[in-house]
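[1] Quick one: sequence plus predicted model below, questions after.
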Amino acid sequence: MGLVKRTLVGVPLAALASSAVAHVDTGQAAGFLTGLAHPISGLDHVLAMVAVGLWGAQLGAPAIWLLPVTFPIVMALGGLLGLLGVSLPGVELGIAASAILLGAAVMTERRLPLFVAAALVGFFAVFHGHAHGSELPPGQDGLLYSLGFVVATGCLHAIGIAIGAIHRWPAGRVALRIAGGGVGLAGLFFLWRAIA
Amino acid sequence: MKAPGIDGGVRAAGRGLALVLCATQAHAHLVETGLGPVYDGIAHFALTPEDLIPALAVAVLAGLRGRGHARRVIFVLPLAWLLGGLLGAASILALPGLLSWLPFLVLGGLVAADVRLPAVATTAIAAAVGLFLGLANGAAMAQAGAGVRGVIGIVGAVFVVTTLGAASAVAWQKGWLRIAWRVAGSWIAATGLLMLGWHIRGT
């Protein structure tokens, strides 16, 4: 059998193979993967997280690292409130507002004092955590779900920071401001959807 | 019925504490490698994030403070883990399994904040974490029939992981890399907060 034929037979067989059950606990890897996929399944969350990274890149040090350190912890605090059953009014409005204001901050290259910027990002993080951090599918592992959720959110920040590296070039600055405008417009759409 | 006074409160607190200390151990699963209890212990540690991540966090915490801290911690953590494991395996002491979020929250918070701890404090934290997690591991190994040999496998893995983690943090901490460690710490602390929520919720 030729290499091509063997590949054609072998690859589908490998793809169809079921995973081995290594031990009695189930839902461990699934919990991590669900947590990892959760933040990127909603455009509102994705845009707000990337906007945090973009804004951090525009502001430079120390905001560029302070914001990504602050956000996950405060977001988890929001998730904790959700898990404790503490209701937070207007969660969807808060998420939409986060996209609008963070997008506007990127669009205008707004340079707020560090404390104010961290407080603003932290305030919105509570809404994102409350909405998304407590949605564990039944039968999955809470720890690995949480870990996946936090890691994915952090990676979205990192993507924002990496994109924000174009800020060093004049054309890059313009592109970032346009991107910020796009995030803000998307936020307006989310707001309309939340109200309607 | 007499209203509970201060003495009643103290007695109630004592009974509560006794109940907590007598709480049954959470039934941790044991991966059976087929290669014996030592390898089962190694596999258990490698596949249990409740143990692996705090061990790495202690290593990074010490590594970020420098070589002196790291050199102490890479020996203190496994030794404390061994002591805790032996006590747990002998069922001398047992800790409730509901505190697994605590090392995540505390260690992740310390790494994220890049707290300038003295060497004594870093060492004490490593000892406390080792004892805490070792107790739980020892009891789990005894339940699974792996006993002391399972604990030895875990402690060997703890030593390797701690040494690699601390060495990485010592070697790679200039500029952005130090920030990357701190961001990782914030992720661990955030996970700890969410774990606390899951425990309270009873999931």
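    Received it, and whenever you're ready, just let me know what you need.

[2] SS state for B:Q173?
    coil (DSSP: H, G, I helix; E, B strand; the rest coil).

[3] That one - how many residues pack around it?
    When neighbours are defined as other Cβ atoms under 10 Å in any protein chain shown, B:Q173 has 20 of them. For the C-beta atoms, the positions are set from N, CA and C on the backbone; glycine is no exception.

[4] list the contacts for the nearest residue to it once chain neighbours are set aside?
    Closest residue to B:Q173 apart from its sequence neighbours, by Cβ to Cβ, 6 or more residues apart in numbering or on different chains: B:L64 at 6.0 Å. By Cβ atoms under 8 Å, 6 or more residues apart in numbering or on different chains, B:L64 lies in contact with B:V111, B:D114, B:A169, B:Q173, B:R178, B:W181.

[5] Let me know the distance separating B:L64 from B:V73.
    11 Å (Cβ to Cβ, to the nearest Å).

[6] Chain A versus B:S186, what's the distance?
    Distance of B:S186 to chain A, computed by Cβ to the nearest Cβ, to the nearest Å: 5 Å.

[7] Work out for me the element that residue sits within.
    helix B:176-201 (DSSP states H and E).

[8] Also B:G109?
    Assigned by DSSP H and E, B:G109 falls in helix B:101-113.

[9] Repeat that for A:E135.
    Here A:E135 is assigned to no helix or strand, by DSSP H and E.

[10] The closest residue to it other than its chain neighbours: what's it in contact with?
    Closest residue to A:E135 apart from its sequence neighbours, by Cβ to Cβ, 6+ apart: A:H38 at 6.7 Å. For A:H38, the contacting residues are A:H132, A:E135, A:Y145, A:G148, A:F149, A:A152, by Cβ under 8 Å, 6+ apart.

[11] how many other residues sit next to the second one?
    The local packing of A:E135 (other Cβ under 10 Å) involves 13 other residues.

[12] same check, this time on the fifth one
    A count of neighbours around A:F149, defined by other Cβ under 10 Å, yields 32.

[13] what's near enough to touch it?
    Here A:F149 is in contact with A:G35, A:L36, A:H38, A:P39, A:G79, A:H132, A:G133, B:L194 (criterion: Cβ under 8 Å, 6+ apart).

[14] swap in B:F159?
    Contacts of B:F159 (Cβ under 8 Å, 6+ apart): B:I74, B:L77, B:P78.

[15] Let's see if you can find the most crowded of the residues you listed.
    B:L77 leads these on contacts (other Cβ under 10 Å) with 32 neighbours.

[16] Check which helices and strands the helix or strand containing it sits against.
    Secondary structure from DSSP H and E places B:L77 in helix B:67-89. Contact here means 3 or more Cβ pairs under 8 Å, 6 or more residues apart in numbering or on different chains; DSSP states H and E; on that basis helix B:67-89 packs against helix B:49-65, helix B:119-144, helix B:147-171.

[17] Buried residues of the longest one, list them for me.
    Read that as helix B:119-144. Neighbour counts over helix B:119-144 (16 or more other Cβ atoms under 10 Å in any protein chain shown) mark B:119, B:122-123, B:125-144 as buried.

[18] Least reliable of the helices and strands packed on helix B:67-89 by average pLDDT, please.
    The minimum mean pLDDT among the helices and strands packed on helix B:67-89 belongs to helix B:119-144 (a mean of 88).

[19] Can you check what angle separates that one from helix B:49-65?
    Counting by axes from the mean of the first three to the mean of the last three Cα atoms, to 10 degrees, helix B:119-144 lies at 160 degrees to helix B:49-65.

[20] wait, does helix B:119-144 make contact with chain A?
    No. Helix B:119-144 does not reach chain A (Cβ under 8 Å from any Cβ of the partner chain); its nearest approach is 11.0 Å.

[21] Go through the contacts of A:H38 and flag the one the model is least confident about.
    A:E135 (71).

[22] For A:L143, see how far away the one residue in chain B that gets nearest to chain A is.
    Across chain B, the shortest distance to chain A (Cβ to the nearest Cβ) belongs to B:G197, at 3.0 Å. Using Cβ to Cβ, one gets 11 Å for the distance from B:G197 to A:L143.

[23] Kindly report the same for B:W176.
    28 Å.

[24] Just want to know which of the two has more residues nearby.
    Neighbours were counted for B:W176 and for A:L143 using other Cβ under 10 Å; A:L143 has more, 24 against 13.

[25] If we go by neighbour counts, what in whichever strand or helix holds that one is buried?
    For A:L143, the host element (DSSP H and E) is helix A:142-164. Within helix A:142-164, the residues scored as buried using 16+ other Cβ under 10 Å are A:142-154, A:156-158, A:160-161, A:163-164.
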